[in-house]
Every structure is written in structure tokens, then in C-alpha cells.
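In: the amino acid sequence is not available; the structure is as follows:
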């Protein structure tokens, strides 16, 4: 019970810290009034609109007002959409979750088999090729990977649509871009965990009993190496949400990532704050769930 209360307190502190940093960074970045009004607006119109939106109040007063409303789930009205900011974010969230979950699935399908193969065939030429592929995957910027995929499969081969959302074909390239970005980390964890387990006595005992190598690898070794693998996959979901900001922008995927970029460009303060807080809440909740699952799978881990 104490651990649960501690974890909940940490989530609250994280959300408070992130929302505070986001608030001050956004408000110190420029005056949204000048972006929202036409160039020919008079000074009187600018001042009237600034007063109407509350931007003429002291920053400390705006911050206290923001916190008092945010704890009730009210982030204010979007300056662009003229709708509650939270509602706008939640309308875009299914697209982001769809992209993130499918990218997670692809990254697992890429990383786990290659990680197992790399561990079983240690110091071989094929294992070295996998290592090179890992370094390449980690070194390529996510936006560059997305653009290259668009040029090849969308522009040159015309196999897949380059933007939008609707069918599985629209989902494939952005999800693969994210998967390639996070798969190397998962692959390294799979490889190191499998290498450690394969050195254990019970693996040698299983082999001495004449069990098929496939049974030894997948039934005995992978099962006992699964705890760190499951943990890193869970944490990668949070990383994918961050990567979705870039990927959704590149592929014009209508999710929260693309929404927050547009909100920053237009200085839509309430919408940016809602996006940041909701994404931070999802990441914090995911990390909490992964930590709880890790403690459940490994009872040796004690709180604190």
C-alpha cells in the first residue's frame, strides 16, 4: 500500500513539474495575440483582445488560474479551434494510440527474433551484421527514416500512401518508422538477457537431456529472460509517444503529436498545455504499470 501511495505521489509530482515547465516556456516564447489577429488590427483591438483572453494579467496570476483549472481537467478553450482544449486532445488521441501500439507490435516482431538469433549465434558473421544494423537503426534520425520511406514506397514505387489516416496502408510506414527507431534498444536487451540465461546450469541440463534446441531456446531460455524484455517494451511505449510527435508531422498523421506541433506554431497556449499534460499522464501511468508488473513478475524486487 505504501508503494502504491509513493508511486501515485511521484506521478502527481511529475505532472506538476512538467505542466509548470510547459506553462512558463510557452508563455515566455511570444505573444499569441499578434499571431491570432490580422496584421491590420489596431493597437486598441490588440489590447482589447489581450484583455479578453486574460493575457494582460500578471504571469503569476495566470499560472495560479491555470493550475486551479487544470486539476479539474479544464485547460481552457483552444484559441484556434474554439473548443475545450481537452476535448480537442481526446479526439486526436485514438490516432496516436493506434500508431503507438502498432509500432510497439512491429518493434517486438523485429527485435525479439533478431535478439534471440544474435544471442544464439554469438560472435558469428550474421551476429555482427545484426550489430551493424542495430547501430544504423539508432543513428538514423526518425524524420530522415520517414522521409526515405516516403520517397521509396510512396513516391517512387507508389505502393503506400504518403500521408493521412484511414486504412492499414496509411498506418504501415509511420508505424515502421517508429518501430525501427526503438527496436535496437529492445534488441540489445533481448540479446543481453538471453546471453545471461544461456550460461545458466539449467540450460546445460536441458541440453544434456537431449531436448531440441528450439525447445531449450524458446521454452526455457526465453521464458526466464522475459522480465527485462517485458519491462523495456513497456517503457518503450512512452518513448514512442515522444517519437510520434515527429512521425505524425512527417506523415501528416492526425494525432496528438501533429496537433501539439501546430499548436506551438500558432501559440495556442491552452492546447499546448493540454497536449503536454495528457501525454505526460499517459507516459507516467505506463511507467507505473510497468514498474508494478516488474515487481509482480520478480518478487525479489522490494519497494524503495
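Out: That came through, no problem. Everything numeric here is computed off the predicted structure, so don't read it as measured data.

In: tell me where the stretch 201-304 of the chain has helices.
Out: 201-208, 213-215, 222-224, 226-250, 256-265, 269-297 (DSSP state H, counting those that start in this stretch).

In: between those, which one is nearest to residue 138?
Out: Nearest to residue 138, of all the helices of the stretch 201-304 of the chain, is helix 226-250, at 12.2 Å by CB to CB. Where you see a C-beta, it was placed from the backbone N, CA and C, and this is true even at glycine.

In: are there helices or strands packed against that closest one, and which ones?
Out: helix 85-120, helix 142-149, helix 168-198, helix 256-265, helix 269-297 (3 or more CB pairs under 8 Å, 6 or more residues apart in numbering; DSSP states H and E).

In: now the first one: average pLDDT?
Out: Here the mean pLDDT over helix 85-120 is 92, rounded to a whole number.

In: helix 226-250 and that one, what's the angle between them?
Out: Comparing the axes of helix 85-120 and helix 226-250 via axes from the mean of the first three to the mean of the last three CA atoms, to 10 degrees yields an angle of 130 degrees.

In: ok, residues contacting whatever helix or strand comes next after helix 85-120?
Out: Downstream of helix 85-120, the next assigned helix or strand under DSSP states H and E is helix 125-139. Residues from elsewhere that reach helix 125-139 (CB atoms under 8 Å, 6 or more residues apart in numbering): 114, 117, 118, 121, 180, 181, 183, 184, 185, 187, 188.

In: got the buried residues for helix 125-139?
Out: Neighbour-count burial for helix 125-139 flags 127, 130, 133, 134, 137 (criterion: 16 or more other CB atoms under 10 Å).

In: quick one: which of the helices of the stretch 201-304 of the chain is nearest residue 86?
Out: helix 269-297 (5.3 Å).

In: what's the closest one packed up against?
Out: Looks like helix 269-297 contacts helix 2-27, helix 59-70, helix 85-120, helix 226-250, helix 256-265 (3+ CB pairs under 8 Å, 6+ apart).

In: just to revisit the earlier point, out of the helices of the stretch 201-304 of the chain, nearest to residue 47?
Out: helix 269-297 (18.0 Å).

In: starting at the chain centroid, how far to that closest one?
Out: Its chain's C-alpha centre and that of helix 269-297 lie 10 Å apart, by CA atoms, centre = their mean, to the nearest Å.

In: what do you get for stretch 97-115?
Out: 13 Å.

In: repeat that for stretch 165-172.
Out: The chain centre lies 19 Å from the centre of stretch 165-172; the measure is CA atoms, centre = their mean.

In: do the same with stretch 34-46
Out: 37 Å.

In: quick revisit: I'd like the buried residues of helix 125-139 as a markdown table, with pLDDT and distance to residue 5 appended.
Out: Converted to a markdown table, these look like this (pLDDT from 0 to 100; distance: CB to CB, whole Å):
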| residue | pLDDT | distance to residue 5 |
| --- | --- | --- |
| 127 | 81 | 46 |
| 130 | 81 | 44 |
| 133 | 79 | 44 |
| 134 | 76 | 40 |
| 137 | 75 | 40 |
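
In: closest to residue 61 out of the residues you listed?
Out: residue 137 (48.0 Å).

In: and the helices and strands packed on helix 226-250: which comes nearest residue 19?
Out: helix 269-297 (5.1 Å).

In: got the buried residues for the closest one?
Out: Buried, per 16+ other CB under 10 Å, within helix 269-297: 269-280, 282-284, 286-288, 290-291, 294.

In: quick one: mean pLDDT over that helix.
Out: On average, helix 269-297 scores 84.

In: ok, stretch 194-201 next?
Out: The model assigns stretch 194-201 a mean pLDDT of 88.

In: quick check, distance from that stretch to the centre of its chain.
Out: Relative to the chain's own centre, stretch 194-201 is displaced by 31 Å; criterion: CA atoms, centre = their mean.

In: want to throw the helices and strands packed on helix 269-297 into a markdown table with distance to residue 148 and mean neighbour count?
Out: Listed next are those as a markdown table, based on distance: least, CB to CB, whole Å; neighbours: other CB atoms under 10 Å:
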| stretch | distance to residue 148 | mean neighbour count |
| --- | --- | --- |
| helix 2-27 | 32 | 14 |
| helix 59-70 | 40 | 14 |
| helix 85-120 | 17 | 20 |
| helix 226-250 | 11 | 20 |
| helix 256-265 | 19 | 21 |
